[in-house]
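Undergrad: let's see this in three dimensions:
(chains A, B and C)
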Amino acid sequence: MKNKTNCSAIEILNLSDEELIDLSVKNVLSLSLDEMKSIQFYFRKLRRNPTDVEIETIAQTWSEHCKHKTLTGIIEYTEEKYSKKIKRTYNNLLKETIFKAAMELNKKWCLSVFKDNAGIMEFDAENGVAFKVETHNHPSALEPYGGSATGIGGVIRDILGVGLGAKPLANTDVFCFGNPGIKDSQIPDGMHHPKRIVKDVVAGVRDYGNKMGIPTVNGAVYFDDGYMANPLVYCGTMGIIPKNKIDKKVNSGDLILVVGGRTGRDGIHGATFSSIQLDQKSDVGAVQIGNPIVEKKVLDTMLKARDLSLYGAVTDCGAGGLSSAIGELGEKTGAIVYLDKVPLKYGGLAPWEIWISEAQERMVLVVPLKNKKRIVELFKKENVEAVFIGKFTKDKKLTLKHNGHVVASMDMSFLHDGISKPKRFAICKIKEEKVQKSIKMTSVDLSKTLKFVLSDLNVCSKEWIIRQYDHEVQGQTIVKPLQGTDIEVSGPGDASVIFPYTLVNGTKRGIVLSNGLNPSYGKINTYKMAASAIEESLRNAVAVGADVEKMSLLDNFCWGNPNNPEILGSLVRAANACYDMSKAFDIPFISGKDSLHNEYSIGGKKYSIPPVLLISAIGVIENVANTVTMPFKNDGNKIFILGVTRNEIAGSVLAKIKNIKDGVVPVVYPKESKEVMKRIYKAINNDLIESCHDCSEGGLVVAISEMAFAGDKGVKINIDAIRIKGRLSVAETLFSESNGRFIVEIIPKNKSKFRDIFKGCVFAEVGCVTKDKYVIFESQKDKVKVKEKSRNLLKVWRNTISW
Amino acid sequence: MFKIDIFTKEEFKDSHGERVLSDILSIGIRDVKKVDYFPFYIIYGDINKSEAKTIASELLSDKITEGFKISSGAEKKSKSSIIEVLYKKGVTDTVSESVIKAIKDLGITNDVKVKTGHKYYLHGNVSQDVLNKIAVKLLANILVQEYKIK
Amino acid sequence: MKKVKVLILRSAGTNCDYETKTAFEMCSAVAEQVHINSLIENKDKIFEYDILAFPGGFSYGDDIASGKVLANEIKNKLGDKIKKFSLSGKPVIGICNGFQVLVKMGLLPEPKLFKQISTLSYNNSNKFECRWIYLKTEKKIKNESNCIWTKNLPDIITLPVAHAEGKFIPLNFKLLEKLNKNNQIVFRYSTRDGMVPKYPLAPNGSVEQIAGICNTKGNVFGLMPHPERYMFALQHPAREGFAGKYGYGKAIFQNAVDFVK
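TA: Below is the predicted model of the structure:
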């Protein structure tokens, strides 16, 4: 039988509400009753039932993953503070917070904000830098290796698909895992042990990133039991793009070219799947195996075609596959696609499967008729499959054909705007935070606690992970994730700097990448978590030499079930913090992504993850020669602390170790900290700073110890000289995680110039770098002294994760 | 059909096997004394024994550190327990695509199909239950791979 | 003045081609990234170049074993030409994956033989690792070796490594003796003071800490570390430079370019 198609009509016209819901569940559509009714209404107008292809297309286009309907929907928010209630309605939370700040700040060096596959800011007169961070949580829980590999593969394609394609320069990765030390017997059936998840997730990112030849240069790992069954895997990619390649053009009559991998049953229902909570029977098709070499070939050839101007637009096949890619590109024109022309891995795929498959390594290009032959030849030369599968029309309709039969025909306007806005309720009860009972420690206690904190999973060295990534491929990583004055010792760099000298001839500029992440604060106060994450990401970048006036931010929300008003309320608070901080620091968000429904069930009981807002920061540095690293450089140099230490212990590593329940979560004082950040930039550019390190998890004592062992030096600190605000014990001073603080090392002769620059800021000289390789913290006043060998602390810091 | 097993020669370190052994120890299983790792390739298509030998010696095994065994049917019984891991049907086997290309480069032009897999010889007195546990917890992800215990 | 022309051979999975090209350009050569398919189409094109470079990466995903699929392809489709180029005495370099390719097709240790008699096997740590290491060139070797790539380097240098399969193993003891006798082992992993290192300064467990070798004639050179990633001081973890602001990699590429000139 020729001309056969296995497409069927789905009865919807005469279904009751209950039956509509049943249909959504049975076919894994993840559509609500309102949405099902919108579909019913549309097809009643057409006086026919939809085909399976049409139903699946709508489900993909309207999925949480593609439409972000929770955060763009209506939210009725109530905030309760000291029994006072404030109410507010959001018609589109993102537009009214994060995006709004970007619009209000209206930076002319922001070249593409919240509209393309990635945000773009200016690099120099000719180029922009694009940055995007994605999550790939659910697949990584089921198949950690394949999940994380396709996560990184997917975000790289976002960068390939931004504008007319950017060249990837660096990857970032941030993970949240369960405790890898947990006993095997405590793991519920059917779930992987956290240690296996860690190993496999890292291996996935390693294999894909390394084989793509993109250095993974920045990241973070956070361990908490709340992520045991639902790990979080964030992958980011930064790329460089010529300014004249940022605009996409789709004209009626242009051809649709699909290049790269073949289509199989991979990832069917991946987009809708990401909106469903995890259980042990989760859909098998959602997991895919990546092939980085296919993607590398696409990267190599596609950028050649870009530079020859052979296509007018491009986008990646991500969630929703061809359905989303072509639906987006053809939104204003209409498109016709011949599904039988799509190259398949194997036979037997139904038309709807071809259309929504999320097979990896595919890009969709929009090719003017005149370039038809040239572009295919170019791909063929390097063994990349490239096949025309349809064209863009004028009718503003989506038409799909299979073996000569029309299997779908819908209005683009219905597909994109036909979705009804859901309404959700959110509530946030703000708890009062009280300072804990004063924490007193003896010298011995302090030493012990320092070592506990250094070896804590969330502080210890991540060298085991970082070194498995080729973080130096392309040769452009000039501020590295691990920093040491000698190649045998290392400490954690605050941020990485990429110097794109192989691509931008004669440039002196660099691109800085950093992140901020504080889930432990979020358990108490999501507003402070968000504010702290924003400030931490900026501090990290500033510490290596970033210009805080030339930075942009990315938001990535990973939250639990938004149908729970308190969970959604905590998200609203975090989004408000983003608006406030973005405005206060005068730094825009340029892109973002959310992953909601991070919920899992064990033994029938449902749990949501502790909420996480990852902030990724990107900045442009005028001259890469003016960057600094964190290891102490020379004996006799002076150490200053910039910023003030407050009694802010809640959510700290100390609080976790000592099981302290009370306390205040660190507050952000944007005016104060931005001033310090601006002056650090000035001081670095006047060559006054030898080393600089951000002070965050674990507090001052950790930051200073890290600088000492990374430099293979000793250090002597006078605790009494530290500038504090409020009442703090020695332990609180050393372990408080107050925002806004940096440790810097100064050559003695530069002291007065340095003091001049920081006039008006809070800062103090607290000690000096010493030759004897001992880390010493001493208070005459309280008669306590911590004295540890620098190399010994390095060992403690390194030993926790060395598998 | 030819099945080609690749093994590390006695005098060289089988790093992969050693790592699997340490992983097994780390989940508290002490019955396994040694692990030998064998990657294997199943080649379907119209090729003869001498071509299979060329493929095994020129392509699939390392000239210095590895050897190979070619079988075309049932395998001999082994004293140790064996866990074999293969991708499930429909899951893309990326290595097999490279092997097919390389076989063509060798000048063998007949069409072939290739499946790749991993084989672990576990020495020691290991019960069926423990073997299952090792396979599921460490060696195979049953979502995309299947395993056989021999 | 004659412009020295460098061919950077590219294939599916090559990924250090840009920085290798830039490295040669920084030594005032003209470098071109050429895809293997186009070289196979026009084989004699290779003789238009003065230097041949096999850059790092994961050719064909390093499926089967690192460099294996590309080595097999080159040997079967370009073998004669590559051999002729090498025997003509023109400089050839294989870096990391490129070294693996040279060894696996047998262009190293001896292009005349053109047979695999050594290998680069899995690191003893059984994982991919990216770190900076020390390399030693013994005085005797420096003075007596024919290697055109490693002239005028100090005794101890630093470079980064990034690989999972870098453990050099020769076929037998006789070959090892021969390599030693002919001063073909130009780089060994070392401590800062030139002593025999332990892991991680010995990153992979190579026999006799071998990190890089050349043929007897000295024009064909392969090494696991990445000289193209250390062209200037800023690339070093502690930002140390050599002869002012340069990295040791610069000296290596300059040697070959100067040799051709």
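Undergrad: which single residue in the stretch 101-250 of chain A comes nearest to chain B?
TA: For the stretch 101-250 of chain A and chain B, the shortest gap (Cβ to the nearest Cβ) falls at residue A:143, measuring 5.2 Å. C-betas here are computed from N, CA, C, even on glycine.
Undergrad: please state the backbone phi and psi of residue A:605?
TA: phi -100, psi 140 (degrees, to the nearest 10).
Undergrad: specify the beta-bridge partners of it.
TA: In this entry, residue A:605 is beta-bridged to residue A:602, by DSSP bridges.
Undergrad: residues near it, how many?
TA: Burial of residue A:605 is recorded as 7 neighbouring residues (other Cβ atoms under 10 Å in any protein chain shown).
Undergrad: now residue A:376: how far from chain B?
TA: Here residue A:376 is placed at a distance of 21 Å from chain B (Cβ to the nearest Cβ, to the nearest Å).
Undergrad: give the contact list for that residue.
TA: A:257, A:386, A:388 (Cβ atoms under 8 Å, 6 or more residues apart in numbering or on different chains).
Undergrad: and residue A:779, by the same measure?
TA: Residue A:779 neighbours (Cβ under 8 Å, 6+ apart): A:718-720, A:730, A:785.
Undergrad: now the residue of chain B found nearest chain A: closest residue in space that isn't a chain neighbour?
TA: Per Cβ to the nearest Cβ, residue B:94 is where chain B lies closest to chain A, at 4.4 Å. Nearest residue to residue B:94, sequence neighbours excluded (Cβ to Cβ, 6 or more residues apart in numbering or on different chains): residue A:291, at 4.4 Å.
Undergrad: the helices in chain C, which residues?
TA: Along chain C, counting by DSSP state H, helices occupy C:17-26, C:36-41, C:68-87, C:97-105, C:139-144, C:173-181, C:248-260.
Undergrad: okay if I get those helices as TSV plus distance to residue A:577 and mean neighbour count?
TA: Shown next, in TSV, are the helices of chain C (distance: least, Cβ to Cβ, whole Å; neighbours: other Cβ atoms under 10 Å in any protein chain shown):
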stretch	distance to residue A:577	mean neighbour count
helix C:17-26	40	24
helix C:36-41	53	15
helix C:68-87	51	21
helix C:97-105	46	28
helix C:139-144	61	12
helix C:173-181	63	14
helix C:248-260	46	22
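Undergrad: what residue in the stretch 551-700 of chain A comes nearest to chain C?
TA: Here the stretch 551-700 of chain A gets closest to chain C at one residue, residue A:624, 6.5 Å apart by Cβ to the nearest Cβ.
Undergrad: distance check, the residue of chain B closest to chain A against residue A:143.
TA: 15 Å (Cβ to Cβ, to the nearest Å).
Undergrad: identify the bridge partners of residue 86.
TA: With no chain named, the answer covers chain A. Beta bridges link residue A:86 to residue A:79 when assigned by DSSP bridges.
Undergrad: wait, chain B was what I had in mind.
TA: residue B:117, residue B:146.
Undergrad: any idea how far it lies from residue B:18?
TA: The value you get for residue B:86 to residue B:18, if Cβ to Cβ is used, is 23 Å.
Undergrad: now residue C:228
TA: 33 Å.
Undergrad: which one of those two has more residues nearby?
TA: Shown here are residue C:228 and residue B:18; by other Cβ under 10 Å, residue C:228 has more neighbours (33 against 16).
Undergrad: got a list of what that one touches?
TA: By Cβ under 8 Å, 6+ apart, residue C:228 lies in contact with A:475, C:16, C:19-20, C:22-23, C:55-56, C:95, C:249, C:253.
Undergrad: cutoff 6 Å now
TA: Contacts here follow Cβ atoms under 6 Å, 6 or more residues apart in numbering or on different chains; on that basis residue C:228 touches C:19-20, C:23, C:249.
Undergrad: from the residues you listed, which single one is nearest chain A?
TA: Closest to chain A, out of all of those and judged by Cβ to the nearest Cβ, is residue C:19, at 3.8 Å.
Undergrad: count the residues that sit near residue B:148.
TA: 13.
Undergrad: could you look up the SS state of it?
TA: Classification of residue B:148 by DSSP: H, G, I helix; E, B strand; the rest coil places it in strand.
Undergrad: follow-up on the earlier one: residue B:94 and residue A:143 - which one has more neighbours?
TA: Ranked by neighbour count (other Cβ under 10 Å), residue B:94 and residue A:143 place residue A:143 first, with 24 against 18.
Undergrad: what's the first-to-last distance across stretch A:118-134?
TA: This stretch, stretch A:118-134, spans 10 Å end to end (Cα to Cα, to the nearest Å).
Undergrad: and the contacts of it?
TA: By Cβ under 6 Å, 6+ apart, stretch A:118-134 touches A:109-113, A:155, A:158-159, A:162, A:166, A:234-236, A:238-243, A:509, A:511, A:552, A:554, A:556, A:590-591, A:593, A:616, A:618, A:620.
Undergrad: report the buried members of those.
TA: Taking 16 or more other Cβ atoms under 10 Å in any protein chain shown as the criterion, what is buried in the contacts of stretch A:118-134 is A:110-113, A:155, A:158-159, A:162, A:166, A:234-236, A:238-243, A:509, A:511, A:552, A:554, A:556, A:590-591, A:593, A:616, A:618, A:620.
Undergrad: okay, stretch A:242-259 in PDB with CA atoms only?
TA: What follows is stretch A:242-259, C-alpha atoms only, in PDB (Å, rounded to 0.1, in the frame of the first residue of the first chain):
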ATOM      1  CA  PRO A 242      28.600  39.100  15.200                       C
ATOM      2  CA  LYS A 243      26.100  41.900  15.800                       C
ATOM      3  CA  ASN A 244      24.900  41.700  12.200                       C
ATOM      4  CA  LYS A 245      23.900  38.100  12.800                       C
ATOM      5  CA  ILE A 246      21.400  38.700  15.600                       C
ATOM      6  CA  ASP A 247      18.200  39.300  13.600                       C
ATOM      7  CA  LYS A 248      16.200  36.400  12.200                       C
ATOM      8  CA  LYS A 249      14.200  36.800   9.000                       C
ATOM      9  CA  VAL A 250      11.500  34.400   7.900                       C
ATOM     10  CA  ASN A 251       9.900  35.200   4.500                       C
ATOM     11  CA  SER A 252       6.900  33.400   2.800                       C
ATOM     12  CA  GLY A 253       8.400  31.100   0.300                       C
ATOM     13  CA  ASP A 254      11.500  30.300   2.300                       C
ATOM     14  CA  LEU A 255      12.300  26.600   2.600                       C
ATOM     15  CA  ILE A 256      12.500  24.600   5.800                       C
ATOM     16  CA  LEU A 257      15.800  22.700   6.200                       C
ATOM     17  CA  VAL A 258      16.400  20.300   9.000                       C
ATOM     18  CA  VAL A 259      20.100  19.500   9.600                       C
END
